[in-house]
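Chemist: Sequence first, then the predicted structure, then my questions.
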Amino acid sequence: MRTYLDFSPEVRTALDENRPVVALESTIISHGMPYPANIQTAQEVECIVKESGAVPATMAVIGGRIKAGLGAEDMKFLAQEKHVIKASRMDLAVVIAGKCHASTTVAATMICADLAGIRVFVTGGIGGVHRGAEKTFDISADLQELSRTDVTVVCSGAKAILDLRLTMEYLETLGVPALGFGTDELPAFYSRHSGIKLAYRVDSAAEIARIMKTKWDLGLSGGILVANPIPEADSMDPAHINSIIDKALEACEDKSVRGKDVTPFLLSKVKELSKGESLESNIALIKNNAALGAKIAVEYAKLLQSV
C-alpha cells in the first residue's frame, strides 16, 4: 500500500500504537457544502473527534496519492480547487493511475479506510436507492460497499432525498446490520423520524464495539451501519422538509439531471428552498455523528488492546 497511500504523522503514529482513529470523508469539502462552510465544518468535525478521544483521518486523493489524514493546506486545496473528482469505487483506480485529485464518497472512503486499517468512519448520510429507481436503476455504490468492506459507518441514516424504505430493504438483502443508536426507527437525515422500524437498537458505544468485533471474528465480512438521529434541537419538521425535497426532485427531473450530479443538485436545491435551514441541520448532524464515531473507535480500540 505504500505505493498508493500516505499517512499524516498523527494518523500513522496512532495506528502504530493501536490507538483509536476515525475516518472522515472529503466530499463535504469539495462537493457537499459551499465555501467557507465546507472547510470550517471539516475542521470543526476533526476537533470533535479529537476532543472525544480519537484521531481524525480525513481521506482524499491528491496528485494520485491516497491521503489518510489531511493537513490544513490539503483541506484548503480541496475547498478551492475546481478540478476535484467526486470519487466512488469505480473511480479510484482511474484517479490514482492518472495522478488526479479526488474527494471520496462514502464508498471510496470506506475503501481507503480499510486499506489504512481504520475500522470506524463518520459521515452525514449514506447514499442509497433513489426515488424512481425502478425506472432509472439509480442505486448508490455505498450500499454494495457496506456489504463487502469491514468498516463501521456512523451516519444519520440515508440522505432524505432518497427512497428510505427501499434503501433499508436493499441493505437487508445484502446482509448489512443496521443499528439504531438510541432509537428504534431509521432517522431521516434532516429529521429524527422516518416511520421505518429498525431491527436492532443499541444504546452505548461499547455495545457497538462488541458487535463489530464479534462480526469480524466470525468471518462475517462487510460493514455495519450505525444510524444516529440528528439532535432534537436541530431536527427539521418531516412534513416541511419532505415538501421541499419533492420540489427539488421536480426541478431535478425538469433539468434532466442524471448520475453523479443528482445528489449534489438535490442537496443544493434543498438548501436554497429551505433558506439555508437544511445546511444548518446537515452541519449539526455531522458533528453529532463525529462525537459518537470517536466514542465507538475508543471502545473498539479497548477491545483489541485487551485481547
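Modeler: That came in fine, so what should we check first?
Chemist: Thr214: neighbour count?
Modeler: 11 (other CB atoms under 10 Å). All C-beta spots, glycine's among them, are computed from the backbone N, C-alpha and C.
Chemist: got the buried residues for the helix or strand where it lies?
Modeler: Assigned by DSSP states H and E, Thr214 belongs to helix 205-217. Residues of helix 205-217 classed as buried by neighbour count (16 or more other CB atoms under 10 Å): 205-209, 211-213, 215.
Chemist: What of stretch 247-254?
Modeler: 248-249, 252.
Chemist: and if you look at stretch 129-140?
Modeler: For stretch 129-140, a neighbour-count test (16+ other CB under 10 Å) marks 129-131, 133, 138-140 as buried.
Chemist: Closest to Val106 out of these?
Modeler: Ser140 (7.7 Å; CB to CB).
Chemist: mind pulling up the phi and psi values for the closest one?
Modeler: Ser140 adopts backbone torsions of phi -60, psi 140, taken as degrees, to the nearest 10.
Chemist: Just to check, it is in contact with Gly128?
Modeler: Yes. The criterion here is CB atoms under 8 Å, and Ser140 meets it with Gly128 at 5.5 Å.
Chemist: residues bridging contact with the two, i.e. touching both?
Modeler: Leu162 (CB atoms under 8 Å, 6 or more residues apart in numbering).
Chemist: next one: phi and psi at Gly180?
Modeler: phi -90, psi 120.
Chemist: longest strand of the chain?
Modeler: Scanning the chain for the longest strand, with DSSP state E as the assignment, gives strand 55-62.
Chemist: Walk me through which strands that strand pairs with, and which way each runs.
Modeler: Looking at strand 55-62 with DSSP bridges, its partner strands are strand 21-24 (parallel), strand 65-68 (antiparallel), strand 102-104 (antiparallel).
Chemist: show me where the stretch 51-200 of the chain has strands.
Modeler: 55-62, 65-68, 85-87, 102-104, 120-122, 152-155, 178-181, 200-202 (DSSP state E, counting those that start in this stretch).
Chemist: So for the helix holding Thr214, could I get the coordinates as PDB, restricted to C-alpha?
Modeler: C-alpha atoms of helix 205-217 as PDB (Å, rounded to 0.1, in the frame of the first residue of the first chain):
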ATOM      1  CA  ALA A 205     -20.700   2.900  22.000                       C
ATOM      2  CA  ALA A 206     -19.300  -0.200  23.900                       C
ATOM      3  CA  GLU A 207     -22.200  -2.300  22.700                       C
ATOM      4  CA  ILE A 208     -21.500  -1.300  19.100                       C
ATOM      5  CA  ALA A 209     -17.800  -2.100  19.500                       C
ATOM      6  CA  ARG A 210     -18.700  -5.600  20.800                       C
ATOM      7  CA  ILE A 211     -20.900  -6.200  17.700                       C
ATOM      8  CA  MET A 212     -18.100  -5.000  15.400                       C
ATOM      9  CA  LYS A 213     -15.500  -7.400  17.000                       C
ATOM     10  CA  THR A 214     -17.900 -10.300  17.100                       C
ATOM     11  CA  LYS A 215     -19.000  -9.900  13.400                       C
ATOM     12  CA  TRP A 216     -15.500  -9.800  12.100                       C
ATOM     13  CA  ASP A 217     -14.200 -12.500  14.500                       C
END
